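Chemist: Let me see the structure of the following:
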Amino acid sequence: MSDGVPDLKLDWERCEGEWSLLTTCDPPPYATGVYVIWEPLLFVRGRRAVCVGQGPIRARLAEHRRDERIGHHGTGSLLVTWAPCRPDARAGVVRFLAARYRPYENQSDPRADPVSVNLPL
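Modeler: Have a look, this model is predicted:
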């Protein structure tokens, strides 16, 4: 990020204008990119996400729904947003998001060079 301008601008997705519940969101089957999962109360208290990741969005979110490590964070409903992202930038974007949101379940690659983006939250 130079002079406050992100390296890459992403279009963060919502379902019908609202943040999507992890349990019910249904991204298009072709959606690939990066995503952030958070619990609102935990996020307000410490600006921490539950998880950030990348890949085929529908498949990755389905995995996280079944993963007890993801589901046990917080007391409320988990929310998710995702954004299309070039494959060559994804690892760096996830590294940037992980540094910013300090996810409880960190899936970033420490070898990736961070790629700054506009934040969804």
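Chemist: From now on I want contacts and neighbour counts done on CA atoms only, so please keep to that.
Modeler: Will do.
Chemist: for the protein, which spans come out with low pLDDT?
Modeler: 1-3, 74-75 (pLDDT under 70).
Chemist: so residue 48 sits right up against residue 105, yeah?
Modeler: No - here residue 48 lies out of contact with residue 105, judged by C-alpha atoms under 8 Å, at a distance of 10.4 Å.
Chemist: Which of the two has more residues huddled nearby?
Modeler: residue 48 (20 against 16; other C-alpha atoms under 10 Å).
Chemist: just the helices in the protein please.
Modeler: 40-46, 57-66, 68-71, 90-101 (DSSP state H).
Chemist: so what's residue 56 up against?
Modeler: Residues in contact with residue 56, defined by C-alpha atoms under 8 Å, 6 or more residues apart in numbering, are 29-33.
Chemist: hmm, try it at 10 Å
Modeler: 27-35, 84 (C-alpha atoms under 10 Å, 6 or more residues apart in numbering).
Chemist: Could you tell me which of the residues you listed count as buried?
Modeler: 27, 31-35, 84 (16 or more other C-alpha atoms under 10 Å).
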